[in-house]
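>>> make a model of this:
(chains A, B and C)
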Amino acid sequence: MKKLFLLDAMALIYRAHFAFAKTPRITSTGLNTSAVFGFTNTLLEVLRKENPSHLGVAFDTAKPTFRHTRFEAYKAQRQQQPEDITIAIPYVKRLCEALCIPVLIMEGYEADDIIGTLAKKASATGGYEVYMMTPDKDYGQLVEEHVKLYKPAFMGKDVEIMGPKEVCERWGISNVDQVVDLLGLMGDAVDNIPGIPGIGEKTAVKLIAEYGSVENLIANVDQLKGKMAENVRAFAEQGLLSKELALIEQNVPIEFDEKALELCEPNRETLSALLDELEFRTLRKRLLGEEPAPAETPKTAKSKAPTAQMDLFGAAPVAAIATSEVAGQWETTTVRRTVHDTVHDYQLIDTPELRKSLAHYLNLQDAICFDTETTALSAIEADLIGMSFSYRVGEAFYVPVPDNREAALVILEDFRSVFENEAVEKIAQNIKYDLTVLANYGVEVKGKLYDTMLAHYLIEPEKRHNMDILAETYLNYTPVAIEELIGKKGKNQGNMRDVDMEKIKEYAAEDADITLQLKEVLNPVLQQNPKLVSLFETVEMPLARVLAEVEAEGVRLDVGFLKELSQQLDVDLRDTQQRAWELAGQEFNIASPKQLGEILFEKLHLDPKAKKTKTGQYMTGEDVLLGLESKHEIVRKILDFRELQKLKSTYVDALPALLSPRTGRLHTSFNQAVTATGRLSSTNPNLQNIPIRTPRGREIRKAFIARDEDHVILSADYSQIELRIMAAFSGDASMTEAFNQGLDVHRATASKVFHVPLEEVTADMRRKAKTVNFGIIYGVSAFGLSQQVEVSRTEAKELIDNYFREFPAVKEYMDESMAKVRETGYAETILGRRRYLPNINSGNQTDRGYAERNAINAPIQGTAADIMKIAMVKVQDFIRREKLKSRMILTVHDELVFDVHKSELDYLREHVNELMVHALPLSVKMETGMGVGQNWLEAH
DNA sequence: AACCGCTCT
DNA sequence: TTGGGAGAGCGGTTA
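Down below sits the predicted model:
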């Protein structure tokens, strides 16, 4: 049986383009090659894995198709094709030609019509197994016994091959022809098929299961009720049209030329030139087996181990350890990987002798790279499956760890000396995770730490920092995906324990190897900026250790209290909903902004000029609703409902579910490499957004309690840290003075701006001044300010003008900040943490404005983060040094929270205050606020 | 998956 | 007259 692959170039190009959206591949000449690269990889993967006998690549034409002529609206409002894609298409065509693959184009038809037609023709000959390669779902309609849908691997998902059975199961239909009925109802945003409003996938599947087709559904519309019946009636024609649009043409006047589709030899010259132009170095090497210029292999740190001869297959570590008596027991696998064309040597270390020998050699190194394999994403819950080590590029070792905890501890003992060796630097990607896992097995990792993720965070704070992306960007290498081992996420995700040892070894060892290589590449970049080196070594790396400890400590949660609160909220919620329904005169989903908007503005006509969002929905945000509060009783009910619903679902019900089964406590996870400014973030759960503003929300803080009767919660927060930094950076005399004299800075500001003595400042004046103070930090405009303070635009402008007149240095500082960014391209904190703001020179005023505000905010917010990070490191050092029973348990941007043993309260409070205030002295002094209580609320 | 809305500093 | 202060994460709805 011959094997024919038909590729939908357009769909694959689009997919590749968006897959690389966050970190596009750019050549030295500025050409974005993401789409071409993605497509090429997909194409080569098929050639390698599937070994087709025939292959063709179909494109759309730029000319209008029969769909355009038949349906005017078709693709009318389809968004403009991204420029990078337009540019990519000719390259993809050239690539196909160089690879001797026919390019299938037919004027007036789209790629799917061509593929549909050829698939049917090929299938009719009886000699072909046809695979249509595309991520598009509408191809489902073409599937038959020997014509299959081939969905390429994507974002960790495996390749998926769908025959008629799979397609029908996927959509819950009885016949693949019904795919078009489904699309007719639910529409398809990508292909600009409108469908029927209000019908999504779920509903469409249900309706087609019952009625079989769009036509039959329309004929039986009387059996439907409510909104659904209305929609189907009103949009019946659109539904039929949509179905027709979704139908793929299978009679395109195109010949099925078997000879032309046969695979043939690439044109090496054309291909070589093209790959050079695209700067696809690895691909070039792999396809043509030659390099334009010998690429330099990264060199590892100088090793103390005996250096062995490197042969082509890099058997160095075998020789290196051959001096030991266990030589010969090393099970060496040397694999020449076709995908990456990389030579490596990964070894399985699974006997006591091998482990001891490995540990011996690890202890001789200046630096080692390691990684842990575990059973869970959450480090707190994870069981160790194995560890990998590497100290020379291309060489790595994998040590499996048994399921049984006792046995696991025995193995860890073999490596305790290594982890606790102060003289050996430890390199890892996201090292906090590994520290936590090992700590749970009683192993403390000592010595200098080097986290490649954090190094990259300092180099490129706004990019992504996961290892796979770093490897692709800096090593031009695609590592084995974890999904290849345990499958995609979801209910059927496999357990790493069940995976073949050889595969785990390759995967795990590779991670250590790659991480080591990344350090070799990233560190020189970091070293170019001495301030970043210092920030990395004295702040970020020590902090990673601190965070691991804080996370592992966790917080005690009063579950009984939350349970009661939940029941109370439930009652209140029902009441509020009932009352809102009565006031609306009908039941509706209050949580649906869409339905709510319709009730408020179309049924109750609360605001004739209600604003809509860009997606055509009424805006129903809190500020809008507050403006309507006096118009109708229902508005208050809706605001109440929203508050209750938020509290219940996001906090009261969610938090207890996240308690650790192991410790019974709540362990957040701090992310040290996500924010653009240097702040930390907190997830699973986010403990940095626990309510405090409203009385009812505040209650939730009562659930965060001290560990027992001998402990209390201590909260310590920096007072006005960002404003103090602003005062210090600008050198503004009166603001500095206000702080250094310990005045209420907002009151002092009001006094100046409104020209009244301090004691005559009213509450309202202070409120306005406070808003301006905050607004300034963010680079506010008059309009934005007027919204916040609820004053007229004129008054807001006056306020700002007065402000700048009274605090001229602040104005100067803001201008200087922007000027500096215009000149250098980045904003910088006091410790040299950078944020790149290329849009500061953009012609687009929205983009430029955003960059300008960031030029002001980033150094301030970032410096506050720097200071807090230093304080945390110092405070934790103090707690360790003094061997206190008290623990740091949370950090919320400018606040630290402790679970304090009562006997240590005064001592700790005093030192925490000192360490925070003097963490990084500025010309404006810092102040803290401290509070103590049985729970987090009382501590404020 | 995108959006809307809402929580925090 | 519409763009119109910063940084985050999460739950619910909708398509």
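>>> got the domain ranges for chain A?
Domains of chain A are assigned by automatic domain parsing as A:2-168+A:248-261, A:316-528, A:571-664, A:723-863.
>>> I'd say residue A:669 and residue A:682 touch.
Yes - counting by C-beta atoms under 8 Å, residue A:669 does reach residue A:682; the two are 7.1 Å apart. Bear in mind the C-beta positions are built from the backbone N, C-alpha and C, glycine included.
>>> out of the domains of chain A, which comes closest to DNA strand C?
domain A:723-863 (1.4 Å; C-beta to the nearest atom of the strand).
>>> would you mind measuring the gap between the ends of the closest one?
11 Å (C-alpha to C-alpha, to the nearest Å).
>>> for burial, what's the neighbour tally of residue A:44?
16 (other C-beta atoms under 10 Å).
>>> what sits against the residue of chain A positioned farthest from its centre?
Relative to the centre of chain A, and counting by C-alpha atoms, centre = their mean, the farthest-placed residue is residue A:757 at 50.5 Å. For residue A:757, the contacting residues are residue A:751, by C-beta atoms under 8 Å, 6 or more residues apart in numbering.
>>> mind checking the backbone torsions on it?
phi -60, psi 150 (degrees, to the nearest 10).
>>> for the closest residue to DNA strand B within the stretch 201-350 of chain A, give its distance to residue A:462.
Of all residues in the stretch 201-350 of chain A, the one sitting closest to DNA strand B is residue A:201 (10.1 Å; C-beta to the nearest atom of the strand). Taking C-beta to C-beta, to the nearest Å as the measure, residue A:201 and residue A:462 are separated by 34 Å.
>>> what do you get for residue A:775?
24 Å.
>>> who has more neighbours out of these two?
Neighbour count, other C-beta under 10 Å: between residue A:775 and residue A:462, residue A:775 has more, with 20 against 14.
>>> helix or strand: which one has that one?
helix A:763-778 (DSSP states H and E).
>>> what's next to that helix, contact-wise?
Contacts of helix A:763-778 (C-beta under 8 Å, 6+ apart): A:722-723, A:726, A:744-747, A:749-750, A:753-754, A:756, A:761, A:780, A:784-785, A:788-789, A:791, A:799-800, A:803, A:810, A:814, A:853, A:856-857, A:860-861.
>>> apply the buried test to the residues you listed and list what passes.
A:722-723, A:726, A:745-747, A:749-750, A:753-754, A:761, A:780, A:785, A:788-789, A:791, A:799-800, A:803, A:810, A:814, A:853, A:856-857, A:860-861 (16 or more other C-beta atoms under 10 Å).
>>> output the below-cut-off pLDDT ranges for chain A.
For chain A, applying pLDDT under 70 flags the ranges A:19, A:21-23, A:69-81, A:153-158, A:189-192, A:225-227, A:290-343, A:487-494.
>>> longest helix in it, please.
helix A:845-881 (DSSP state H).
>>> do that helix and DNA strand B meet at all?
No - Helix A:845-881 does not reach DNA strand B (C-beta under 7 Å from any atom of the strand); its nearest approach is 7.9 Å.
>>> what angle sits between that helix and helix A:763-778?
Relative orientation of helix A:845-881 versus helix A:763-778 (axes from the mean of the first three to the mean of the last three C-alpha atoms, to 10 degrees): 100 degrees.
>>> restricted to helices, list the buried ones among the contacts of helix A:763-778.
A:722-723, A:726, A:745-747, A:749-750, A:753, A:785, A:788-789, A:799-800, A:803, A:810, A:814, A:853, A:856-857, A:860-861.
>>> before we move on, back to that, measure how buried the closest residue to the residue of the stretch 201-350 of chain A closest to DNA strand B other than its chain neighbours is and give me the count.
In space, and not counting its chain neighbours, residue A:201 is closest to residue A:186: 5.4 Å by C-beta to C-beta, 6 or more residues apart in numbering. Residue A:186 is flanked by 23 other residues according to other C-beta under 10 Å.
>>> give the contact list for the closest residue to residue A:885 other than its chain neighbours.
Excluding its sequence neighbours, the residue lying closest to residue A:885 (C-beta to C-beta, 6+ apart) is residue A:901, at 4.0 Å. The neighbours of residue A:901, taking C-beta under 8 Å, 6+ apart as the test, are A:710-711, A:884-886.
>>> how does it look with 6 Å?
Applying C-beta atoms under 6 Å, 6 or more residues apart in numbering, we find residue A:901 in contact with A:711, A:885-886.
>>> just those residues: which are in strands?
Cross-referencing those against strands under DSSP state E gives residue A:711.
>>> okay if I get the contacts of residue A:901 as CSV plus distance to residue A:657 and neighbour count?
As requested, the contacts of residue A:901 are exported to CSV (distance: C-beta to C-beta, whole Å; neighbours: other C-beta atoms under 10 Å):
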residue, distance to residue A:657, neighbour count
A:711, 25, 22
A:885, 29, 16
A:886, 28, 22
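>>> do a quick rundown of the strands in the stretch 401-550 of chain A.
In the stretch 401-550 of chain A, the strands defined using DSSP state E, counting those that start in this stretch lie at A:425-428, A:449-451.
>>> swap that for the stretch 51-200 of chain A, sorry
With strands called from DSSP E, counting those that start in this stretch, the stretch 51-200 of chain A shows them at A:54-58, A:103-104, A:128-133, A:147-151, A:160-162.
>>> returning to that earlier point: turn the domains of chain A into TSV, columns for distance to DNA strand C.
Formatted as TSV, the domains of chain A follow (distance: least, C-beta to the nearest atom of the strand, whole Å):
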stretch	distance to DNA strand C
domain A:2-168+A:248-261	13
domain A:316-528	7
domain A:571-664	3
domain A:723-863	1
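>>> so for residue A:896, which of the ones you listed sits nearest?
For residue A:896, the closest of the domains of chain A is domain A:723-863, at 17.1 Å, according to C-beta to C-beta.
>>> show me how far the closest one is from its chain's centre.
31 Å (C-alpha atoms, centre = their mean, to the nearest Å).
>>> any idea how far residue A:886 is from residue A:610?
53 Å.
>>> ok, residue A:604 next?
Taking C-beta to C-beta, one finds residue A:604 at 11 Å from residue A:610.
>>> ok, residue A:770 next?
In terms of C-beta to C-beta, residue A:770 sits 31 Å off from residue A:610.
>>> ranges for the helices of the stretch 51-200 of chain A?
A:66-70, A:83-98, A:111-125, A:164-171, A:178-186 (DSSP state H, counting those that start in this stretch).
>>> among the ones you listed, which is nearest residue A:836?
That would be helix A:83-98 among the helices of the stretch 51-200 of chain A, by C-beta to C-beta, at 20.6 Å.
>>> the closest one packs against which elements?
Applying 3 or more C-beta pairs under 6 Å, 6 or more residues apart in numbering; DSSP states H and E, one finds that helix A:83-98 makes contact with helix A:9-19, helix A:34-50, helix A:268-278.
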